[in-house]
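Student: Can you look at this prediction? I've put the sequence above it.
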Amino acid sequence: MGADLIYSMLFIEISETEAEKRVDELTLEILARKDERDHWLLRNHEDQLDDLFYEIEENSEHKTEEVEFAINQFIDLVKEEAKQALDVVYAAWNRGTYHRDTALFNVKGNRGLITADMSWGDSWERLEQFELLNILELTVKKE
């Protein structure tokens, strides 16, 4: 067993301003989407989503201020992570400020950023940022 090369591609099809507007429009319904196997799409936030929905179910008869606060706190957390990821991505895209594991790509007119590194089963910050932006579709045109 050895290290594996892991990469993630992020297509950039909209402006930084438009992407930032999309972050502001994030809701719990968007963040709590599941895949066809009933797994949370936001894999890095699975435990937080499980805890949040447990809290919501426990207080389903009356929505308390605590539940509302927990919901807003989770949304704000993901929004902040998305904004930080957008800062990294558009710093590279617009201003040429790259991390060592990030590069531009242009394949047959499809343009974006790629992050790649060797992994022993662990992750790295840009990989998680790209995953978040890809799942939330914050940098691509919506059909």
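Tutor: Everything's here; your move.

Student: which intervals of this protein have sub-threshold pLDDT?
Tutor: Across the chain, the ranges flagged by pLDDT under 70 are 1-2, 60-63.

Student: which parts of the helix ranked longest in it are buried?
Tutor: Taking DSSP state H as the criterion, the chain has its longest helix at helix 65-95. Going by neighbour count (16 or more other Cβ atoms under 10 Å), the buried part of helix 65-95 is 67, 70-71, 74-75, 78-79, 81-82, 85-86, 88-90, 92-93. To be clear about C-beta, it is placed using only N, CA and C from the backbone, and glycine gets the same treatment.

Student: elements contacting that helix?
Tutor: helix 16-24, helix 28-31, helix 46-58, strand 102-107, strand 110-119, helix 125-136 (3 or more Cβ pairs under 8 Å, 6 or more residues apart in numbering; DSSP states H and E).

Student: could those go into CSV alongside mean neighbour count and distance to Y7?
Tutor: Shown next, in CSV, are the helices and strands packed on helix 65-95 (neighbours: other Cβ atoms under 10 Å; distance: least, Cβ to Cβ, whole Å):
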stretch, mean neighbour count, distance to Y7
helix 16-24, 15, 21
helix 28-31, 15, 25
helix 46-58, 13, 23
strand 102-107, 13, 10
strand 110-119, 17, 4
helix 125-136, 20, 8
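
Student: Could you check the angle the longest helix of the chain makes with strand 110-119?
Tutor: 110 degrees (axes from the mean of the first three to the mean of the last three Cα atoms, to 10 degrees).

Student: that older thread, what is the nearest of the buried residues of helix 65-95 to T27?
Tutor: Using Cβ to Cβ, I75 comes nearest to T27 of these, at 7.1 Å.

Student: I figured the closest one hits E29, correct?
Tutor: No: I75 lies out of contact with E29 (Cβ atoms under 8 Å); the separation is 10.4 Å.

Student: Next, the contact list for V89, please.
Tutor: L10, I12, L113, Q129, F130, L133, T139 (Cβ atoms under 8 Å, 6 or more residues apart in numbering).
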